[in-house]
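Undergrad: model the structure of this input:
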Amino acid sequence: MAHSERLFLACRQHSKAIGNYFQRRYRFLTIVLIGALWVSACTSATETTPPDCPTNGISNGIAIVPTATRQTDPDLLNPPAPPDGGDGADYCPTPIPAETPAGEFPEQFVTTEVVNLSLDVANQDLAATAVGDDMLAAAWLSDGDIYVALSRGGNHFQVRRVDSGSSVSLAFSRANRLHVAYEQDGRILYRAADQGTHPADVAPLIVEDALHPVTNGRTPQVVVDELNWAHVLYEQDGSIYKAKHLSNETWLTQFVAYGTNPVVMPFYNEKELILWGMPTGTYWFGIIMAAPYNGEIRVFRYLSWFNVWEQVTAFPIPPGEELTGSVGLDFLAVSEDEAWAYASWVTKRPFPELPLPPYAQPVYEAANPLFPDQIANPDHIYAGLNAVRWRSEDTPFDAGLWQTITVPDPGSPITFEVWGLIDTAAGAEMTLQIGIDPTGGTAPNGASVVWSAVAAPTSFTQLRLIVPAQGSRATLFLRGTFNTAAVPGTAVWDSAVIQNGSGVNLDFEAPFVSQDFITMPEGWTAWYQDSGNFPTGGRDVYTVYAAWSDSGGYPWSGPEAVTANRDLSGGTTGAIRPDVTPVISMVTEPPSVSFFYVYESGDPPPDSTFLRFGRPYQTQCELGTTNCTDTPGIPLLPRNVVRPSYRLLAAADPFNPGRAFLVWDSLQTDIVNKDVYATYVVLR
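TA: So this is what the prediction gives:
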């Protein structure tokens, strides 16, 4: 099959899955996109399948659709309301799922139209973003030059080259002064532009101490404290230094208990630090910083009135996982007694080695596809009119179903009985098992799961397992393992019975429903082991972690996993890019924190030249909990209006906790260079 044909089928299936997904799930928030990036996008609610774009006449295996030229620029100051019609210059509302229960529709986010900030055939590497009082800024690097896009509350961005450099950071003060810090040839430079002035028109200052120019500085970050003083932090020779700008070319000398230090002062003298993330406008204590080092993420706060840094906590990175990028931070002071701080980051657990055999997702289905009108496959039904089975024509699998049940008597054992059989060729290796997790966990490989002995019945045989209860909830598991390739194999289950437990649809006579691309009995959830894109390699596991404080940065709770690159059936798929930014909102009900990141859903077909297609996603959690939207979250933009993306930055609006500014990159048609795009997300 040609690449374009495969892409068409994949996109059509993906589009259908997204529609089912939104109709099926209740969200704390619903993203409603107000903006048509295709000409005539308002004429249909159906997601159009984009073509495969060739390079030099050869299919490159990725679909890229140009953004339509708009007749008017979006007004980023005033988020739009849905219009009466769509003429190509207005905004086109995304349809609200018709099955949303009356009275339960949550708050909605709307976005302004997506804007291409760079509009350049050269490569743009997204670097920084910031939000001021009705001002927005984004910065990127291109061919060794720094560009800043600045919006002063109007309908467009002014994009100008600022200087040459290798990294850049932005921050607005509450007085709308834009602070810019960047690295140039081993020096740290700083610019401060007042409202109405582009930083390209302001002369740079060298960040230096009282005696010697600063040399060999790297990766500067600028942050503004509660009194609007700018602090520039950077790494030099394995230590982090901080300089506080006073005025003109003066850098404030800092006093500590043991005497006067140079104005640029190291406060954390350990080697090989990776930077970082910090919020602005933190009223309570000035600055928070998270610095990963030596297998853990250490969190500091700066007490500006004492001019002291203190380490408040450290979060270990789980064994076998590695940090993939910087730490994102957000801070929101609610009252004199309540201030929330969130830190988030992404880890990667590398795929260790391909298992033997290479497992893949089987086909889940009803044993009787004609249920309830007629009987089919009677040999696969033990009792009643239906049963459940999963099968493969030629690929090994390790897969099953799980269901969490209520345990009425935690002091007594749980008994689980179910009838099962295997149907495969003679000599093939295939087994069945049942399991119970008395703690209520849903991971089939969890340490608390107790499994029965393996069985390989070729006719219906009852498997039985008894496990002491440990609480009011427990989880039941069905498992079928098929270890022989190139022959078909089927696992069949029917007529489950529980003693000291209350479950649903244990006889599999209820309707079968869709879960992503899987059909399964209502009340059960599928799981399967997925070895990945065999034989080209396995799938790495990417996890978004979050930690939080509700008391201004001390103490902290967590870290807790809030999402991962898994689909609803538990299979590992795609990847999560390194950058993740938390945005706290007190205006939702209940209060929430949203995590913005780029998720590359799915995987390329084996032995193909297709690339993963990343786009902006959001996972939202109830504030201070892990009650979050389903893995891996909600796509913020339809796939047919977003080019493949790699990096996403978000900046909360310090003047409006219901808004955030999103900036991301997207591949150009040569699938090498990138443009920079932006939109405003606003709670309505």
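
Undergrad: what about Arg612, neighbour count?
TA: If you count neighbours by other Cβ atoms under 10 Å, Arg612 ends up with 17. The way it works is simple: take the backbone N, C-alpha and C, and place the C-beta from them, glycine included.

Undergrad: do I have it right that it meets Gly574?
TA: Yes. Contact between Arg612 and Gly574 holds when scored by Cβ atoms under 8 Å: they sit 6.1 Å apart.

Undergrad: anything in contact with each of those two?
TA: Common neighbours of Arg612 and Gly574 are listed as Glu600, Ser601, Gly602, Asp603 (criterion: Cβ atoms under 8 Å, 6 or more residues apart in numbering).

Undergrad: by neighbours, which of these wins?
TA: Ranked by the number of neighbours (other Cβ under 10 Å), the shared contacts of Arg612 and Gly574 place Glu600 first, at 22 neighbours.

Undergrad: element containing that residue, please.
TA: In the assignment (DSSP states H and E), Glu600 maps to strand 592-601.

Undergrad: in its sheet, what does that strand sit against?
TA: Counting by DSSP bridges, the strands paired with strand 592-601 are strand 575-585 (antiparallel), strand 613-622 (antiparallel).

Undergrad: distance between that strand and the chain's centre?
TA: Chain-centre distance of strand 592-601: 3 Å, with Cα atoms, centre = their mean, to the nearest Å.

Undergrad: stretch 485-497 too?
TA: Stretch 485-497 sits 35 Å away from the centroid of its parent chain (Cα atoms, centre = their mean).

Undergrad: list the contacts for the most centrally placed residue in the chain?
TA: Of all residues in the chain, the one closest to the mean position by Cα atoms, centre = their mean is Tyr597, 4.3 Å from it. Going by Cβ under 8 Å, 6+ apart, Tyr597 touches Val346, Val544, Ile576, Arg577, Asp579, Val580, Thr581, Pro616, Tyr617, Thr619, Gly633, Leu648.

Undergrad: outline the domain layout of the protein.
TA: 116-316, 363-528 (automatic domain parsing).

Undergrad: lowest-confidence stretch among those domains?
TA: Here the domains of the chain differ in mean pLDDT, and the lowest is domain 116-316 at a mean of 74.

Undergrad: what about the nearest residue to Glu235 once chain neighbours are set aside, distance to Asp125?
TA: Excluding the flanking residues, the one nearest Glu235 by Cβ to Cβ, 6 or more residues apart in numbering is Arg218, at 4.9 Å. Separation of Arg218 from Asp125 (Cβ to Cβ, to the nearest Å) stands at 16 Å.

Undergrad: repeat that for Ser142.
TA: Look at Ser142 and Asp125: by Cβ to Cβ, they are 7 Å apart.

Undergrad: swap in Leu478?
TA: Applying Cβ to Cβ, the value for Leu478 to Asp125 is 48 Å.

Undergrad: can you show me the helices along the stretch 451-600 of the chain?
TA: For the stretch 451-600 of the chain, helices defined by DSSP state H, counting those that start in this stretch do not occur.

Undergrad: for the stretch 101-250 of the chain, just list every one of the strands.
TA: Here the stretch 101-250 of the chain has its strands, by DSSP state E, counting those that start in this stretch, at 107-111, 115-116, 125-131, 136-142, 145-151, 158-164, 167-172, 178-184, 187-193, 205-206, 218-224, 230-236, 239-247, 250-251.

Undergrad: who wins for proximity to Val418 among those?
TA: Among the strands of the stretch 101-250 of the chain, the nearest to Val418 by Cβ to Cβ is strand 107-111 (43.2 Å).

Undergrad: count the residues that sit near the residue lying closest to Glu183 once chain neighbours are set aside.
TA: Spatial nearest neighbour of Glu183, chain neighbours left out: Ser167 (4.7 Å); criterion: Cβ to Cβ, 6+ apart. If you count neighbours by other Cβ under 10 Å, Ser167 ends up with 22.

Undergrad: so Ser167 touches Gln184, yeah?
TA: No. Proximity of Ser167 to Gln184 does not meet the contact threshold set by Cβ under 8 Å, at 9.3 Å.

Undergrad: Gly186 is in contact with Ile206, correct?
TA: No. Applying Cβ under 8 Å, one finds Ile206 not in contact with Gly186, separated by 11.2 Å.

Undergrad: quick check on Arg639: phi, psi?
TA: Main-chain torsions, Arg639, degrees, to the nearest 10: phi -60, psi -30.

Undergrad: begin at 6 from now on, thanks
TA: Okay, using 6 as the starting number, the last item reads as Arg644.

Undergrad: these two touch, right, it and Phe618?
TA: Yes. Assessed by Cβ under 8 Å, Arg644 is found in contact with Phe618 at 6.6 Å.

Undergrad: more crowded one of those two?
TA: Neighbour tally, Arg644 and Phe618, criterion other Cβ under 10 Å: the higher count belongs to Phe618, 24 against 20.

Undergrad: how near is the more buried one to Thr329?
TA: From Phe618 to Thr329 the distance is 19 Å (Cβ to Cβ).

Undergrad: cool, and Ser244?
TA: Using Cβ to Cβ, Ser244 is found at 24 Å from Thr329.

Undergrad: how far off centre is stretch 202-216?
TA: 36 Å.

Undergrad: that one: which residues count as buried?
TA: In terms of neighbour count (16 or more other Cβ atoms under 10 Å), stretch 202-216 has its buried residues at His203, Pro204, Ala205, Val207, Pro209, Leu210, Val212, Glu213, Asp214.

Undergrad: circling back to that earlier point, Gly333 is nearest to which of the domains of the chain?
TA: Gly333 lies closest, by Cβ to Cβ, to one member of the domains of the chain: domain 121-321, at 4.9 Å.
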